[in-house]
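Peer 1: predicted model follows, preceded by the sequence.
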Amino acid sequence: MDLHKLAVYSKVIELKSFTRAAEAMLLSQPTISEHIRALEQEVGQRLINRLGREIRASEAGKILYGYARKMLRLQQEALEALGHYSGNLTGRMAIGAGTIPGAYILPKKIGAFKKSYPDITITLRIASSRTIANEIVSGELEMGILGAQWRENGLIWQEIFSDELILAVAADHPWAKQPQITLQQLTEEPFLMRDHSSGTRRALGRILEQHGLNPAHLNVVAEMGTTEAIRQSIKASIGISILSSQAVKDDIAHGSLVQIAIEGVKMIRPFYMVTRKNQTLSPLCTAFIETLTVAGGQNAEI
């Protein structure tokens, strides 16, 4: 079974269009159609269903697509291994991250890695911790960096960085001129919380409980899906919040937000490298993980 035809078929299924697949693979639409027709002849099954303008895999096509992804991934791993052996690592890698590591940590790490291996392509998917974990389990992503950990039979969690969570208030907030507040005072102000799928929210809840404060006692006035929304809402004096120091360090440096200490509380949370159990990582992913570990140091603060 020709791997190029399988790559064409996979692209058609993923993009749900002959036209978009042709554009993505720099082929003509008749060539795409001919590859699909040849595959259907070879397997003796209809592989494509047309639903209006949209293309979907038939039941037989779904089976073939699953195997095609495995075969193409194995081909890519072979090419990466040979490239690594010759000192010229190439290939593609799809990784995921929660909001904080994805927006504030990994871009610099990826940039440094690409300087060493300019011929690689890395896709970074930023989503909720739960979404990224599910996509690692399903094989859509090879690894991820998340700010929360929970029991998941199909995953391995390894602490790789640490981050500090800080209380941030608007520059004109009454607390802005205070050196610190008590934990009890935290419950008295309007509080902005990340959504339930957020790794930051999970970590914050755990830290507060360790210091004797039930997160349910916070006066939550809004739950928001992004850290950026919370940053802007603090500036608009809608409420206060506890966020990653990475997300607000520029705001604090410029004076638009103020960091307030909480008496007796130091909020350090780990970031975890997450991979799938019983998975053989590609040479590209292995090299990237080695770079993360060497550059940052195991359990190092970012």
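Peer 2: Thanks, I have it. Residues are numbered from 1 along each chain as shown.

Peer 1: what helices or strands is the helix or strand E228 falls within leaning on?
Peer 2: Here E228, judged by DSSP states H and E, is contained in helix 227-235. Packing partners of helix 227-235 (3 or more C-beta pairs under 8 Å, 6 or more residues apart in numbering; DSSP states H and E): strand 155-170, strand 190-194, strand 219-224, strand 241-244, helix 245-254, strand 257-262. Heads up, the C-betas are built off the backbone N, CA and C, glycines and all.

Peer 1: what's the closest of these to F288?
Peer 2: Closest to F288 of the helices and strands packed on helix 227-235, according to C-beta to C-beta: strand 155-170, at 11.8 Å.

Peer 1: circling back to that earlier point, deepest of the helices and strands packed on helix 227-235, which one?
Peer 2: With neighbours defined as mean count of other C-beta atoms under 10 Å, the helices and strands packed on helix 227-235 peak in mean count at strand 241-244, which reaches a mean of 26.

Peer 1: could you dump the helices and strands packed on helix 227-235 into JSON lines and include mean pLDDT and distance to I126?
Peer 2: Formatted as JSON lines, the helices and strands packed on helix 227-235 follow (pLDDT from 0 to 100; distance: least, C-beta to C-beta, whole Å):
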{"stretch": "strand 155-170", "mean pLDDT": "93", "distance to I126": "16"}
{"stretch": "strand 190-194", "mean pLDDT": "95", "distance to I126": "14"}
{"stretch": "strand 219-224", "mean pLDDT": "95", "distance to I126": "16"}
{"stretch": "strand 241-244", "mean pLDDT": "94", "distance to I126": "14"}
{"stretch": "helix 245-254", "mean pLDDT": "93", "distance to I126": "13"}
{"stretch": "strand 257-262", "mean pLDDT": "96", "distance to I126": "22"}
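
Peer 1: now those as a markdown table including distance to V12?
Peer 2: Compiled in a markdown table, these are given as follows (distance: least, C-beta to C-beta, whole Å):
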| stretch | distance to V12 |
| --- | --- |
| strand 155-170 | 31 |
| strand 190-194 | 38 |
| strand 219-224 | 38 |
| strand 241-244 | 41 |
| helix 245-254 | 40 |
| strand 257-262 | 48 |
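
Peer 1: follow-up on the earlier one: centre of the chain versus the helix holding E228, how much separation?
Peer 2: The chain centre lies 21 Å from the centre of helix 227-235; the measure is C-alpha atoms, centre = their mean, to the nearest Å.
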